Structures are given as C-alpha cells and as structure tokens.
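predicted model, plus sequence, below.
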Amino acid sequence: MKTFFLSSLLLIVSYSWAQNTNPKGEFHYGLHAGLNLANLTNDDEADTRVGANIGIFVAFDIENSPFQLRSGINYSQQGATANTFVEVDPMVDPGGGLNVDAIVKLDYLQIPLVVQYDFTPVFSIYLGPQVGFVVTDEVEVDLGDLGEVSQEIQNEQGTTLSAIVGFQAFIHQGLFARAQYDLGLTKVYRDTNFPGFGTFENDIKHSVFTLAVGYQF
C-alpha cells in the first residue's frame, strides 16, 4: 500500500512537471496594483497601516522547467499606525490628557528577485529576497482639537532587506491575483546613542501582507 501511494505521488508530480515545463525560455512583462496591510514587529503600540503597492516587473521562464525568475520595481507604502493616551497636567487640561493618533509613514521603492514555481498553468508559488530604498519617512500626529503635526523620522535605515513569499493565480488570460507576505530581515531604525545614557537598541522590523491584481503580457 505504501509503495502504491509513493508511486502514485511520483506519477502525479512527474505529470505536473511535464505539463508545466516551459519548452523554451521566454520573457514576460507586466504590472500590478494592490493594498498593503503593514505593521512593525516588536512594537506593542503599533497597529496596521493600510497603504498602496504598485509596480512593474519582468519575468523569464527557465527553459525546460516549471520555474520562472522575476524582478521589477515596486512602490510600497509601509509603516504602522498607533493610538495612545497622553497624560497632561490638569492645570493645562482639566480632562487630564488627550488621545493621540499617529501614522508612521515609511514608503519604499523596492526591487524583488524571486523564483516562482508553477504547479499548474494557473497556480504558482514564489519566494525570494527584496531590497527597499526609503522615499518617505515621517510621522503624522493628530492631536484632535489642537490640530495635526508632522515630523521627519531621523533614525530610519535608508535601505532594508526582506524575504517575500507569495501565491499567484491566473484568473483569465494574463490577468492574475496575488497574495504575498513580506518579512523584514533588517531593522527599520538605527540604534540611537544618547550621550550619558548609552545606546538605545531596537529590533523593530517590517511585516507586510499584500493583496494585488495585475496583468502579465
């Protein structure tokens, strides 16, 4: 029974490989757009920031295999949101404080390099590294009746490295949908040295779930 099961599994895998093997290497081009559900790890006050993720890509089918190499450039809105209560001297505010809403805006231009495996002509999985270059780095704070203020982040890393894994399904012809998870491998912020107090270390990294649709030509 065990031998029969293994033989059947090998037959299915071999058939799938044969059906989805690229007879010759070909280039494809495309674009995608979707939503990020971004957050920052190891920060108890951080909550999800919803942002955009758009990009273009080029892909190459590896000859005589179901594998594909893909790269491109993406614009990705990441970071986090936070809501906290700030205590205020009762002499200044009889209410004793105010609720503060903040948006940490960390937006990047990203260059992924992924390997994709086609299970069938419709369904694929992919994974690989991704380098990001920061283009927006600010915190927007809503102080309620006191108005809004924004402040540039001073100690963010200019470049980040992450690992991505995703699932792709073609819907109709070149139209596809993707679900992707992006896990930061490097810190978002640099360790900060405070003279007389030592160095403040952190281990805050990006965590981003992306849903997108696109078209491959």
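Everything's here; your move.

drop to CA atoms for contacts and neighbour counts, all remaining ones
Fine.

after the helix or strand harbouring residue 82, which helix or strand is next?
For residue 82, the host element (DSSP states H and E) is strand 67-87. Next helix or strand after strand 67-87 toward the C-terminus (DSSP H and E): strand 97-118.

now the angle from that following strand to strand 67-87?
Put simply, strand 97-118 runs at 170 degrees to strand 67-87, going by axes from the mean of the first three to the mean of the last three C-alpha atoms, to 10 degrees.

packing partners for strand 97-118?
In this structure, strand 97-118 packs against strand 67-87, strand 123-142, with contacts taken as 3 or more C-alpha pairs under 8 Å, 6 or more residues apart in numbering; DSSP states H and E.

how about a cut-off of 10 Å?
Contacts defined by 3 or more C-alpha pairs under 10 Å, 6 or more residues apart in numbering; DSSP states H and E place strand 97-118 against helix 2-19, strand 27-40, strand 49-61, strand 67-87, strand 123-142, strand 148-152, strand 159-172.

if we can go back for a sec, average pLDDT for the strand holding residue 82?
Mean per-residue pLDDT for strand 67-87: 90.

okay, buried residues for that strand please.
When burial is assessed from 16 or more other C-alpha atoms under 10 Å, strand 67-87 yields the following buried residues: 67-82.

nearest approach to residue 178 belongs to which of the helices and strands packed on strand 97-118?
Residue 178 lies closest, by C-alpha to C-alpha, to one member of the helices and strands packed on strand 97-118: strand 159-172, at 4.5 Å.
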